[in-house]
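> Give me a model of this one.
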Amino acid sequence: MGKEHLLALLPYVMKTKYPLFILETNGIILGTDKNYVKQLAKFKDKIYVRVSFKAAIPQTFTQLTGAIGKYYDLPFKALKFLLDEGIYARAAAMTDSNVMSKEERTKLIRMLDEIDPSANYSSTLEEEQIDAYDTTFNRLKASTDRRFAEELKKRIIQQDGR
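Have a look, this model is predicted:
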């Protein structure tokens, strides 16, 4: 949902009988735009933001998202900005052992606990899993293995009959 659309929708949400509007985000935009978070704070009585983390290190972030690794910290900034504005926000994370090592998971939880010590993420983190489709794992492997990517491309072209 785009920024302008969300900011236009939230005043209507405030008038409803529903107790909470849940915003699920990867945190990229919120981590780059503190002013946007300040605008969301006007609706903090009815908004819950779930920030979905993909990695605790740049390499895994790039592998899982295709985004430039140096931006891996934006979800962390987003969570901090949200909490600083008094917005109810929590972290969830892609901790599937197929894509995140135990060491990185431990690091992620440590980083999250530094931002929000009261959350006790070692026992409360919402952990996301990857759907175990071959295409998912092939895409992830192809993102880090050039030879595999070329072989995969050839197989796809052969299957499509091109």
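> And for the worst-scoring helix or strand of the chain on mean pLDDT, what's in contact with it?
Least confident element among the helices and strands of the chain, by mean pLDDT, DSSP states H and E: helix 134-142 (a mean of 78). By C-beta atoms under 8 Å, 6 or more residues apart in numbering, the residues outside helix 134-142 that reach it are 63-64, 98-99, 130, 148-149, 152. For every residue, glycine as well, the C-beta is placed using N, CA and C.
> what helices or strands is the next helix or strand after that helix leaning on?
On the C-terminal side of helix 134-142, the closest following helix or strand by DSSP states H and E is helix 146-160. Counting contacts by 3 or more C-beta pairs under 8 Å, 6 or more residues apart in numbering; DSSP states H and E, helix 146-160 packs against helix 134-142.
> Tell me the buried residues in the helix it packs on?
Neighbour counts over helix 134-142 (16 or more other C-beta atoms under 10 Å) mark 138, 142 as buried.
> quick one, that helix and helix 146-160 angle?
150 degrees (axes from the mean of the first three to the mean of the last three C-alpha atoms, to 10 degrees).
> quick one: helix 134-142 to chain centroid distance?
19 Å (C-alpha atoms, centre = their mean, to the nearest Å).
> quick revisit: which among the contacts of helix 134-142 count as buried?
Buried among the contacts of helix 134-142 by 16+ other C-beta under 10 Å: 63-64, 99, 152.
> would you put the C-alpha positions of stretch 11-21 in CSV?
C-alpha atoms of stretch 11-21 as CSV (Å, rounded to 0.1, in the frame of the first residue of the first chain):
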residue,chain,number,x,y,z
PRO,A,11,-8.5,8.7,9.2
TYR,A,12,-11.4,6.4,8.2
VAL,A,13,-10.0,3.5,10.2
MET,A,14,-9.9,5.8,13.3
LYS,A,15,-13.7,6.2,13.0
THR,A,16,-14.5,2.4,12.8
LYS,A,17,-15.4,0.0,15.5
TYR,A,18,-12.4,-2.1,14.7
PRO,A,19,-9.9,-2.1,17.5
LEU,A,20,-6.7,-2.2,15.4
PHE,A,21,-5.4,-1.7,11.9
